[in-house]
Structures are given as C-alpha cells and as structure tokens.
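> pasted the sequence and its predicted model underneath.
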Amino acid sequence: MKRVITYGTFDLLHYGHINLLKRAKALGDYLIVVVSTDEFNAKEKQKKSYFSYEARKALVEAIRYVDLVIPETCWEQKRTDIHEYHIDTFVMGDDWTGKFDFLKEEGCEVVYLPRTPEVSSSQIKEDLQEKK
C-alpha cells in the first residue's frame, strides 16, 4: 500500500482544497491529511482560522479522498510523521516548492502540486472583508 501525506490549515474549505486532495490521493492508496491546530496557527503561522481545528478536521474527514486526519502541532513533526505512518509520498502545494526537499533524506518522495490558480483562502477572506 502506498501512503501519501499532506499538510495544511484547510480553513474556509473550497474547491482548490478538494482538487489538491484528489490529486494527492491519486498518487497512492491511503491519504493522511495533517490539519494545523489553532495553537500551531497562532504561535507558528501568526494567523487565526475562521473555523476551529475540530470543525476543520470534521470537514476534511468528510472528503472521500481522505483516509485519516491528524493534528499538526509543530513544524518538526513532519520527519516523525513520515516514519510513524510509513509514508511513501509527501505532498504540498507548489507555493512551498523546495521547502521540504530535506524529507527525501527520510526515504520518501516529495511532490509539489500546482495550486488551483483562481482560488485561495486568503483571497476569499480579502474579498469578504471588502464586501463589509
């Protein structure tokens, strides 16, 4: 069984997220999605999600391409996750290109998938702010 893992906040879930998860799942048999916790977002990413971690986790779990959702609590856990979950392929959006190449040393393939160009959570938040 080929195992794939990807990471993200997955706030304001949209079709770009679904597209990314569908393409990630196509790279293997079992897809693990690691969703950033509220604490991790606040402390390390300096951002606040609209939806709580529990709500975002429930939304991602409902997507048919996703087999398992686990929390992301620190940047360093990626190395650990690769070994603990026997990961074959690590997937991220192409805005992260090169940032996780060091994980190849852990024995897994690293793939950067193109983002869906016309949609992003950041843009949705900006657009909603402008409508106020």
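Received the coordinates, thanks.
> confirm that residue 31 sits in a helix.
No - counting by DSSP: H, G, I helix; E, B strand; the rest coil, residue 31 is not found in a helix; it is strand.
> what's around it, how many residues?
When neighbours are defined as other Cβ atoms under 10 Å, residue 31 has 23 of them. Heads up, the C-betas are built off the backbone N, CA and C, glycines and all.
> repeat for the one 4 residues further on
Neighbouring residues of residue 35 were enumerated by other Cβ under 10 Å; the total is 25.
> count of neighbours near residue 3?
Applying other Cβ under 10 Å, we find 19 residues neighbouring residue 3.
> and it, how far from residue 108?
Applying Cβ to Cβ, to the nearest Å, the value for residue 3 to residue 108 is 9 Å.
> shared neighbours, the two?
Taking Cβ atoms under 8 Å, 6 or more residues apart in numbering as the contact rule, residue 3 and residue 108 both touch 87, 88, 89.
> so which of the residues you listed wins on neighbours?
Comparing the shared contacts of residue 3 and residue 108 by number of neighbours (other Cβ under 10 Å), residue 87 comes first, having 23 neighbours.
> okay, residue 78 and residue 100: tell me how far apart.
Residue 78 sits at a distance of 7 Å from residue 100 (criterion: Cβ to Cβ).
> quick one: what helix or strand has the residue nearest to residue 61 when sequence neighbours are not counted in it?
Using Cβ to Cβ, 6 or more residues apart in numbering and skipping the chain neighbours, the partner closest in space to residue 61 is residue 69 (5.0 Å). Counting by DSSP states H and E, the element that carries residue 69 is strand 68-72.
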